[in-house]
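>>> pasting a predicted model and its sequence here:
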Amino acid sequence: MAGSIAMTNNDRFTFGFYFQSLTRILGSPKQFFSELPEETGFGKPFGFLVISSLFFTGASLTCIYESRILMAGILFINAIAMPFVTAGTAFLIMTMTMIKRVSFTRLFAVFAFASGVTMLASWIPLFIWITEPWKWLLIAMGMVKACGLRWVQAILIVGCSIFIVLLFFWSLAPVIFYVKGLLG
């Protein structure tokens, strides 16, 4: 295919791949996810996520004035970890409830590309109200186009994933406030 992305397991991540993928996701996300190779490895999606996370962290620091190094670490780890957590949650939901089976690496690729592209704008205060729905829409689209799920299945998995992750962090809130009280 003339415009398809070259993403095999033995290809190395490059900045050219990053900018090509970014342009293609922003220009035609349906086509980008449709052309995602069957055997998607961790390398390129993870590289895409790392570069976007570095940009997100650096840009976010323009709005933070205290404990910049600590906050940079927290923001970067969060930006890298949340696509893994949400992809893992979605994978568990899909595995337990659906007949359709997709590899974790393929599902992670969808989450990494969707999260990575939205990080470029999510550092701007109040843009979270735009970027979060956009990210989850891209994830659902990726699940349909790259993973072969129906829209109803993708929306149910996305909805359940959001609910479970929110429930998990809500249940952690007392512990976080306790630790914060000890440190502060």
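All right, it came through fine.
>>> got a pLDDT number for the residue most central in space within the chain?
Central residue of the chain (Cα atoms, centre = their mean): residue 115, 3.0 Å from the mean position. pLDDT, residue 115: 97.
>>> any idea which element it lies in?
Assigned by DSSP states H and E, residue 115 belongs to helix 104-122.
>>> all helices for this protein, in order.
Counting by DSSP state H, the chain has helices at residues 15-27, 29-34, 43-60, 68-97, 104-122, 128-145, 151-183.
>>> quick one, which of those helices is packed in tightest?
Compared across those, helix 104-122 shows the largest average neighbour count, a mean of 23 (mean count of other Cβ atoms under 10 Å). Where C-beta positions appear, they are placed from N, C-alpha and C, glycine not excepted.
>>> which secondary structure elements does that helix contact?
Contacts defined by 3 or more Cβ pairs under 8 Å, 6 or more residues apart in numbering; DSSP states H and E place helix 104-122 against helix 15-27, helix 29-34, helix 43-60, helix 68-97, helix 128-145.
>>> show me the contacts for the closest residue to residue 34 other than its chain neighbours.
Distance criterion Cβ to Cβ, 6 or more residues apart in numbering; nearest residue to residue 34, sequence neighbours excluded, is residue 145 at 4.5 Å. Going by Cβ atoms under 8 Å, 6 or more residues apart in numbering, residue 145 touches 30, 33, 34, 36.
>>> can you do 10 Å?
The contact partners of residue 145, by Cβ atoms under 10 Å, 6 or more residues apart in numbering, come to 29, 30, 31, 32, 33, 34, 35, 36, 110, 154.
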